[in-house]
Every structure is written in C-alpha cells, then in structure tokens.
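J.: Mind folding the following:
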Amino acid sequence: MSAYSKHSSRPARRGGRNFSHSRGYSGRGRSFGHATRRPQGGNRGAHRGQHIDVSRFIHKGTPVAEVKPFTPKNRFSDFPIDEALKKNITKKGYATPTPIQDSSIPHTLEGKDVVGIANTGTGKTGAFLIPLVHKILQDRKERVLIMVPTRELALQIEEEFWGFADSLRIGAVSCVGGANINRQISILRRDPHMVIGTPGRLKDLIERRVLNLSRFRTVVLDEADRMLDMGFINDMKTILAHMPKERHTLFFSATLSRDIETLIKDFLIDPVHISVKTGDTASGVDQDIIRVGAGKTKIDVLHELLIQPEFSKVLVFGRTKHGVEKLSKNLAERGFKAESIHGNKNQNRRERALALFKGNRVQVLVATDVAARGIDIDDISHVINFDIPTTYEDYVHRIGRTGRAGKRGKALTFIE
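T.: All right, here's what the predicted structure looks like:
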C-alpha cells in the first residue's frame, strides 16, 4: 500500500429548497424601486471598481449551438504516456483533450518550457498534471513543485492529481495556509513526488527547513497573473531561487500583461508560447446589470432574484470578508440556504462550505474574490456581483464560474 492517502469526504446529498414566488427581473438594466440613480465616483460609500464602464457588464452570450466544436489533433490514447495513466484518464471520464491540453501536452512531454494562455475553466490543470504524472512514473526520483495563488486552487489540483495517480504509488501534498501545518510537515517528511502550495506557506516551510527544493527540477506556476495581482512576486522569486537553475518550467495565466511578460523572461528559458484564449469572457455567459432604485436595498433586490426558480445555484461576490459574512447570515435569516467563503474562515470551514455548494445542499455561496479563481463547480446558474469588482479582470474571473463546459450561464452586476 502506498504511503500516501487521498483525503476524501462523503459526497454531499442533493438537497432542495422551498421558497415562495415573487416578481423578478426582466429586461436589460431592470430597475427595482421607483427611481434609479447612477453611481457617482465621489459618493460616500462608493465601491472600489466603480470606475469600470457599466456597459462592460452588459453582453449577450453566444448561443451554444453557434460555437464551432473543437476538433483536437490528438487523442489521449495518442500521447506517448504510461498505459496505467491512460487507464486512469479514461476512468476519470476524459474523452478528448481540450485545446490547451491538445496543444501543450506534447511540448511538456518533450521537456520544453511552456507558456500557456487560456481562459479559466479550459482544462489547464489536466494540461500539466497528465504529462508530469507520466514524468514521475518514468523517473520516481523526479520531484515537482506547483505554485498557485489560493488554497482552493491547490486543493482542487491535489484532487485532480489523485484521480490521475490512482494505484500508481506516487504521492502529493497540498501546502496552504489556514490548514494544519504539522500534518503538511509530516507528509513532506515522506518525500512526496509533488508539492502543491501557495507562496506564503511554501516560504514558511522552506524557512522551517522542512521543504528542500534542491531536488525539485520541475515547477508549475499556475494562475501566474493572479499571484502577481496578490503581491506574491517577491515570494515567488525567493522560492524559485531555492530550485536548481536548470529546471523545467510551465507557466499558465489567463492574461498576458507587460508584467507577466517580464516574469516569463525571468523564469523561463526559450519557452513554447501557446494561446487558446477565446476572449475576455465566457462566450456562453449572458451579462446584465441590475439598477437598485430609490426605496430599495441591494439585499431586498437579491432576495427577489433568489426566490425565482431559475436561480438554482448562485455564486454571489462581495468586496470584503466582513460584508460577505454579514450577507450570508442575512440570507440565512431570510430562509435561504446560504454559506460563505472568505479569508477569515479556517480551511475546514471553507472546504465544508464548498462541499455543501458543490453538492447542491445550499442554494447560495457568498464569496470574496478568493473564490474567483481555482474553484471548479459544475452547473452554477448565476454569478451575481453584489459589490462591483475592483478591476475588470476580477470581473472576468468572477463570471467565469458560470457558463462552463459549453453550457449557458448568467452574470448580473448590481449598480446603485
């Protein structure tokens, strides 16, 4: 039996809800109340991000039927990878590679540095895990570091890893803040093949001398743009300085800014550039605004939306940890099944909230932007921006949680 064990939880049961009906929204920019007022940049209490042109929150999604199906050049069976790994890929239900997988896996298998630019939810995790699991199977002395911006993304990657690595006798560990560091140290001492972590916790483990990166010759920087936005650049450089200079580096990002291009020059050697980005936003997402009129509050408007049957699985974004927690409790007091996720919650409570939402046992998950990336949950019917995001890039990543896997989704942004 392997020295490593997958952390698992009992699947959540599907739950229902019973809310009374009320009038809903219809039409573009529907106003609730007797009058509307446009946001004024100098108003007291104006939210950060209100400099974004409101028109950018309005867009009719492309009908799914109009999207030309992607035809991959390869099949998973075509890739020169371990046969046992191929069986696990089939067992996971992976039929054909996504565009980023189809384009990047061959180069990664050849040992080339890769820069992958792709929209969120396009299969980037499989794009690097599949060839790297194969790499470990070819040489079990191989050690891989995967650096990510958020706890949720690290745990999602680890979950994906165990699916690919089933019965292959290789191991991994997630090293993230908010979780028991002693357990992480214990697993690190077993010398796992893959370490997946956030910069802060990785740096802490290095300083405690329980994570020695001198043997790690492969590194993945996933959601690099988000790590840059979160101010992790110095930690990233410090961590990479502990690795051998000659290494295999994979770099994935949803955007390619001037700062990202600088990072690529600093961290990668003659990389293969792959871009399968299809646009700023998910093509299947209908985007609209909801103007909150005089005599109405945002929580009242949200209530009127959530009692409509089509709002079956809703991700609501707020700006602050305190505001998100308050909104979640307010919705629960109004009879909605709601949970929250934000930085003040410990890892166990965050995982529980995500499991309840993923398992359809709660209707609403209220989140800060910590959830805008790294959460892969099926069938989210609506994303609601209760508070306007700080940047348009944050908006793009928020609404990318719906309209996934060729399905339609809706995104609504509250304007006061």
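J.: is it true that residue 399 touches residue 284?
T.: No. In this structure residue 399 lies outside contact range of residue 284 using C-beta atoms under 8 Å: 10.6 Å. (Each C-beta comes from the backbone N, C-alpha and C, glycine too.)
J.: higher neighbour count, these two?
T.: residue 399 (32 against 20; other C-beta atoms under 10 Å).
J.: distance of the more buried one from residue 323?
T.: Distance of residue 399 to residue 323, computed by C-beta to C-beta, to the nearest Å: 19 Å.
J.: How about residue 131?
T.: 42 Å.
J.: got the end-to-end distance for stretch 177-186?
T.: 15 Å (C-alpha to C-alpha, to the nearest Å).
J.: Please tell me how far it is from the chain's geometric centre.
T.: Here the centre of stretch 177-186 is set off from its chain's centre by 22 Å, with C-alpha atoms, centre = their mean, to the nearest Å.
J.: pLDDT averaged over that stretch, what's the number?
T.: Mean pLDDT, stretch 177-186: 93.
J.: now the end-to-end length of stretch 240-255.
T.: 22 Å.
J.: buried residues in that stretch?
T.: For stretch 240-255, a neighbour-count test (16 or more other C-beta atoms under 10 Å) marks 240, 243, 247-255 as buried.
J.: And those, which is closest to residue 110?
T.: Using C-beta to C-beta, residue 248 comes nearest to residue 110 of the buried residues of stretch 240-255, at 10.1 Å.
J.: who are the neighbours in contact with the spatially closest residue to that closest one that is not a sequence neighbour?
T.: Of all residues not flanking residue 248 in the chain, residue 218 sits nearest, at 4.4 Å (C-beta to C-beta, 6 or more residues apart in numbering). Residues near residue 218 by C-beta atoms under 8 Å, 6 or more residues apart in numbering: 132, 135, 142-145, 247-250.
J.: helix, strand or coil for residue 218?
T.: strand (DSSP: H, G, I helix; E, B strand; the rest coil).
J.: Same question for residue 323.
T.: Residue 323 - assigned by three-state DSSP - is helix.
J.: What are the contacting residues of the helix or strand hosting residue 102?
T.: For residue 102, the host element (DSSP states H and E) is helix 99-109. Here helix 99-109 makes contact (C-beta under 8 Å, 6+ apart) with 70, 72-74, 79-81, 97, 114, 116, 118, 122-124, 126-128, 130-132, 134-135, 250, 272, 274, 276.
J.: Filter those residues down to the ones in strands?
T.: 114, 116, 250, 272, 274 (DSSP state E).
J.: For those residues, which entry has the maximal number of neighbours?
T.: residue 116 (28 neighbours).
J.: Over to the closest residue to it other than its chain neighbours: give its phi and psi.
T.: In this structure, residue 116 finds its nearest non-sequential neighbour in residue 252, 4.6 Å apart by C-beta to C-beta, 6+ apart. With angles defined as degrees, to the nearest 10, residue 252 sits at phi -120, psi 140.
J.: Use 18 as the first number from now on
T.: With the count now opening at 18, the last piece we talked about shows up as residue 269.
J.: residues touching the nearest residue to residue 274 once chain neighbours are set aside, list them.
T.: Nearest residue to residue 274, sequence neighbours excluded (C-beta to C-beta, 6+ apart): residue 242, at 6.8 Å. By C-beta under 8 Å, 6+ apart, the contact list for residue 242 reads 270-272, 274, 277, 410.
J.: Over to residue 242. Which of the three states is it?
T.: With three-state DSSP as the criterion, residue 242 reads helix.
J.: Check the offset of stretch 166-181 from the chain's centre.
T.: 10 Å.
J.: Name the residues of that stretch that are buried.
T.: Residues of stretch 166-181 classed as buried: 166-175, 177-181 (neighbour count, 16+ other C-beta under 10 Å).
J.: Pull out the C-alpha coordinates of that stretch and format them as PDB.
T.: The C-alpha trace of stretch 166-181 is given here as PDB (Å, rounded to 0.1, in the frame of the first residue of the first chain):
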ATOM      1  CA  PRO A 166      -2.400  31.800  -5.600                       C
ATOM      2  CA  THR A 167      -5.200  30.300  -3.500                       C
ATOM      3  CA  ARG A 168      -5.900  27.500  -1.100                       C
ATOM      4  CA  GLU A 169      -8.900  26.400  -3.100                       C
ATOM      5  CA  LEU A 170      -6.900  26.000  -6.300                       C
ATOM      6  CA  ALA A 171      -4.200  24.000  -4.500                       C
ATOM      7  CA  LEU A 172      -6.800  21.600  -3.100                       C
ATOM      8  CA  GLN A 173      -8.500  21.300  -6.500                       C
ATOM      9  CA  ILE A 174      -5.200  20.400  -8.200                       C
ATOM     10  CA  GLU A 175      -4.500  17.800  -5.500                       C
ATOM     11  CA  GLU A 176      -7.900  16.200  -6.000                       C
ATOM     12  CA  GLU A 177      -7.200  16.000  -9.700                       C
ATOM     13  CA  PHE A 178      -3.800  14.500  -9.100                       C
ATOM     14  CA  TRP A 179      -5.200  11.600  -7.100                       C
ATOM     15  CA  GLY A 180      -7.600  10.800  -9.900                       C
ATOM     16  CA  PHE A 181      -4.700  10.600 -12.400                       C
END
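J.: can you pull out the strands in this structure?
T.: 48-49, 131-134, 160-164, 189-192, 211-214, 233-238, 265-270, 289-292, 302-309, 331-334, 355-358, 381-384, 399-402, 426-432.
J.: follow-up on the earlier one: so for residue 416 and residue 301, which residues contact both of them?
T.: residue 426.
J.: ranges for the helices of this structure?
T.: Using DSSP state H, the helices found in the chain span residues 100-108, 116-126, 141-155, 168-181, 198-205, 216-224, 241-246, 250-258, 275-284, 315-323, 338-350, 364-375, 409-416.
J.: Buried residues in the third one, which are they?
T.: Along helix 141-155, the positions that meet the burial threshold by neighbour count (16+ other C-beta under 10 Å) are 141-154.
J.: quick revisit: now the helix holding residue 119: buried residues?
T.: 116-126.
J.: C-alpha coordinates for it, PDB please?
T.: Output of helix 116-126 as PDB, limited to C-alpha atoms (Å, rounded to 0.1, in the frame of the first residue of the first chain):
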ATOM      1  CA  PRO A 116      -7.500  23.000 -26.700                       C
ATOM      2  CA  ILE A 117      -4.900  23.800 -24.100                       C
ATOM      3  CA  GLN A 118      -4.300  20.100 -23.400                       C
ATOM      4  CA  ASP A 119      -4.100  19.200 -27.000                       C
ATOM      5  CA  SER A 120      -1.500  22.000 -27.700                       C
ATOM      6  CA  SER A 121       0.700  21.900 -24.600                       C
ATOM      7  CA  ILE A 122       0.900  18.200 -23.500                       C
ATOM      8  CA  PRO A 123       3.200  17.200 -26.500                       C
ATOM      9  CA  HIS A 124       5.700  20.100 -25.700                       C
ATOM     10  CA  THR A 125       5.700  19.300 -22.000                       C
ATOM     11  CA  LEU A 126       6.400  15.600 -22.700                       C
END
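J.: If anything else comes up later, I'll come back, but that's it for now.
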